[in-house]
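Asks: kindly generate the corresponding structure for this input.
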Amino acid sequence: MDAFPEKLSDVMQRLALASGPSISLREIAAAMDQRSLGAFLFIFSIPSIVPMPPGATLILGLPLLVITAQIAIGRSRIWLPRRLADYRMRQTTFARIVERSVPWLKRLEDMIRPRNWHFGGRFGESLFGLYALILAVAVVVPVPFGNWLPAVAIAIMSLAYTERDGNWMTFGAIVGIAGLAVATAIVLGAGEAISAIL
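Replies: Residues are numbered from 1 along each chain as shown. Down below sits the predicted model:
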């Protein structure tokens, strides 16, 4: 897919102004159209970046598995279970979320923009989805201090995917490799410690 003519922040602001008394996740996904997968992937990666109680990522990271799997199999738009798709929030609540998130999203968009995109086509997008799925598994698996970097990598790559920025996609992929290396080292270290004790 080519670069989108409208930035994600502009879509969100337009949607907040045009929505009625309430808005459903289905309507939000429809408005985002072919960028819905990247946008929802970014949204669901945030809870795994902020400090959470042990084991919380096991639940909060599950949507990441669902979304990355959809990218890996070649879907161009997000699919949501009916119950989740029909969930509605008040327009005032959605407008408040947009008002708070758009300023920093615009700052990110000043850095992340369409350039050097080499991940187009069915194969490239499926490859990205498969790699993001591996990172999502690393987020979900309860490894102490091993979830943060993979979640950060997913957040970076999801925005790069949404805006078609090959530079930031590459940077996010490198962060992901570092995250997988840290998680693997923690698991191996824990295994050696347990073996030494036993």
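Asks: tell me the contacts of Leu8?
Replies: Each residue near Leu8 by C-beta atoms under 8 Å, 6 or more residues apart in numbering is listed here: 32, 35, 39, 105, 109, 162-163. Any C-beta I mention is one placed from the backbone N, CA and C, and that applies to glycine too.
Asks: one more time with 6 Å, if that's ok
Replies: Applying C-beta atoms under 6 Å, 6 or more residues apart in numbering, we find Leu8 in contact with Thr162.
Asks: got phi/psi on Gly120?
Replies: The phi and psi values for Gly120, taken as degrees, to the nearest 10, are phi -80, psi 170.
Asks: that one: neighbouring residues, count only.
Replies: 12 (other C-beta atoms under 10 Å).
Asks: which helix or strand contains the closest residue to Arg35 other than its chain neighbours?
Replies: Leaving aside its chain neighbours, Arg35 sits nearest to Thr162 (4.9 Å; criterion: C-beta to C-beta, 6 or more residues apart in numbering). Taking DSSP states H and E as the definition, Thr162 sits inside helix 148-163.
Asks: can you check Ile97 too?
Replies: Using DSSP H and E, the element containing Ile97 is helix 91-111.
Asks: which secondary structure elements does that helix contact?
Replies: Helices and strands touching helix 91-111, by 3 or more C-beta pairs under 6 Å, 6 or more residues apart in numbering; DSSP states H and E, are helix 8-18.
Asks: ok, back up a step: okay, angle between the helix holding Ile97 and helix 8-18 too, please.
Replies: On the basis of axes from the mean of the first three to the mean of the last three C-alpha atoms, to 10 degrees, helix 91-111 is oriented at 160 degrees to helix 8-18.
Asks: got a list of contacts for the next helix-or-strand element following helix 91-111?
Replies: Going down the chain from helix 91-111, the next helix or strand is helix 121-140, by DSSP H and E. Residues from elsewhere that reach helix 121-140 (C-beta under 6 Å, 6+ apart): 48, 57-58, 61, 64-65, 68-69, 71-72, 74, 119, 147, 150-151, 153-154, 176, 180, 183.
Asks: buried ones among those?
Replies: 48, 57, 61, 64-65, 68, 71-72, 119, 147, 150-151, 153-154, 176, 180, 183 (16 or more other C-beta atoms under 10 Å).
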